[in-house]
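A.B. asks: Next come a sequence and a model predicted from it.
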Amino acid sequence: MTDYRALGEEPIELTVTEHEADWRLDAFLVFHFPAYSRSLLRQVITAGGVTVDNKGAKPAYRLKTGQTVTVILPELPRQCPKPENIPLEVIYEDEWLAVINKPPGMVVHPARGHWSGTLASAIQYLYGGKLSTLGGPNRPGIVHRLDADTSGAIVIAKHDLAHGKLAAQFAERTVDKTYLAIVSGVPDRDADWIDQPIGLHPRQREKMAIRRHDPLARHAQTLYRVVERFRGFALVSAHPKTGRTHQIRVHLAHIGCPVLCDRYYGGRACLTRGEIRGQAADETVILSRQALHAWRIAFTHPGTNQRLEVEAPLPPDLMTVLEELRQYRSLS
């Protein structure tokens, strides 16, 4: 068994917050170090690589608020994603960058449980490895990310100078992003600001939540506009002014109009044709992922310094849902 105390790595100290109280030690570590598998983290704990208030603990140990967890982690193998011949829709391209219309269901970069079939592997093949390296070996060319089930525009940097200039714009919030979402329910206003802080969900570690009284919650703002109204549904555009995890999904759920088929925040994972048409016998599934699409992105081109705006066409699954809504749920 590896003696993790002898690895020579710098120990990492974490303080257990109030919402993490009563979490298992292994679950706590999986949350903070998602690149490591749960089984590997259990091995690290068992081998003495983790202490709680300077004492050894078992993987099932229940944590208390304010405790200090000290971790010595082994270095993960660092390899570039293997190039894979996966078709991609390139909606803009020049010698500095490309904008890809990411299909739904595609993970952006390799992570635990998703080592192949990623956007990173696809662009490695498409561009022959000639991509920026600033994102690290697992993220060649990747400047920002989208959730796996969110489709739409994502920017790829072809070299480090482009990556640095683009990343600075994301950090300074000068990149304008517009998403389209089909939501359950109909907003009572044509447009509105949602200004609610977002933090970690107090009980479900994979979710975020509105956390007004949590000192660790972060300021979050989203402007939405209703594009089309239907009976029981709506098409909205959403403009996030901040970039919090799951921000649009959490904010739209907060106003009572969750993104359609959002399994975390909307209470359903799929939509059938019969539900729209009012025909219970028709169980044909027409949507099985969250109806969220990164439709438009605008930024300053790192080479020309001119404003560049790119739109990503809606994918077939969302177009099918809209066609059904327009035919069977129209308000006119």
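C.D. replies: Thanks, I have the structure now. Numbering: from 1, shown residues only.
A.B. asks: Next, the residue positioned nearest the centre of the chain: phi, psi?
C.D. replies: Centroid-nearest residue in the chain: Asp147, 3.2 Å away (criterion: Cα atoms, centre = their mean). Per-residue torsions, Asp147: phi -60, psi 150 (degrees, to the nearest 10).
A.B. asks: what does the one 4 residues further on give?
C.D. replies: When quoted as degrees, to the nearest 10, the phi and psi of Ser151 stand at phi -90, psi 170.
A.B. asks: cool, Ile210 as well?
C.D. replies: Dihedral angles (degrees, to the nearest 10) for Ile210: phi -70, psi 120.
A.B. asks: Tell me what it is bridged to.
C.D. replies: Judged by DSSP bridges, the bridge partners of Ile210 are Ile198.
A.B. asks: Spit out the contact partners of the nearest residue to Glu311 once chain neighbours are set aside.
C.D. replies: Counting by Cβ to Cβ, 6 or more residues apart in numbering, Arg296 is the residue found nearest to Glu311 once chain neighbours are left out, at 4.9 Å. Glycine gets a C-beta too; all of them are placed from N, C-alpha and C. Contacts for Arg296 (Cβ atoms under 8 Å, 6 or more residues apart in numbering) come out as Ala153, Asp176, Lys177, Thr178, Glu309, Val310, Glu311, Ala312.
A.B. asks: Bridge partners for the residue nearest to the third one when sequence neighbours are not counted, pull those for me.
C.D. replies: Spelled out, that is Lys177. Spatially, and ignoring its direct neighbours in sequence, Lys177 is nearest to Ile297 (5.4 Å; Cβ to Cβ, 6+ apart). Counting by DSSP bridges, Ile297 forms beta bridges with Lys177, Val310.
A.B. asks: quick one: Ile297 and Ile86, what's the gap?
C.D. replies: 21 Å (Cβ to Cβ, to the nearest Å).
A.B. asks: between these two, which one's more packed in?
C.D. replies: The neighbour comparison of Ile297 against Ile86 (other Cβ atoms under 10 Å) goes to Ile297, with 23 against 17.
A.B. asks: I'd guessed the more buried one sits against Val310; true?
C.D. replies: Yes - counting by Cβ atoms under 8 Å, Ile297 does reach Val310; the two are 5.7 Å apart.
A.B. asks: Give me the common contacts of those two.
C.D. replies: Common neighbours of Ile297 and Val310, using Cβ under 8 Å, 6+ apart, are Val99, Ala153.
A.B. asks: can you pull out the helices in the stretch 1-150 of the chain?
C.D. replies: Secondary structure of the stretch 1-150 of the chain by DSSP state H, counting those that start in this stretch: the helices cover 25-32, 38-46, 119-126.
A.B. asks: export those helices to CSV and tack on mean pLDDT and distance to Pro103?
C.D. replies: Output for the helices of the stretch 1-150 of the chain, formatted as CSV (pLDDT from 0 to 100; distance: least, Cβ to Cβ, whole Å):
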stretch, mean pLDDT, distance to Pro103
helix 25-32, 89, 28
helix 38-46, 84, 29
helix 119-126, 94, 9
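A.B. asks: Can you show me the CA trace of the helix or strand bottoming out on mean pLDDT in the chain as CSV?
C.D. replies: Within the chain, no helix or strand scores below helix 38-46, which has a mean of 84 by mean pLDDT, DSSP states H and E. The C-alpha trace of helix 38-46 is given here as CSV (Å, rounded to 0.1, in the frame of the first residue of the first chain):
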residue,chain,number,x,y,z
ARG,A,38,-14.1,7.6,-4.9
SER,A,39,-12.2,4.3,-4.7
LEU,A,40,-8.8,6.1,-5.1
LEU,A,41,-9.7,8.6,-2.4
ARG,A,42,-10.7,5.8,-0.1
GLN,A,43,-7.3,4.3,-0.6
VAL,A,44,-5.7,7.6,0.2
ILE,A,45,-7.8,7.9,3.4
THR,A,46,-7.0,4.3,4.5
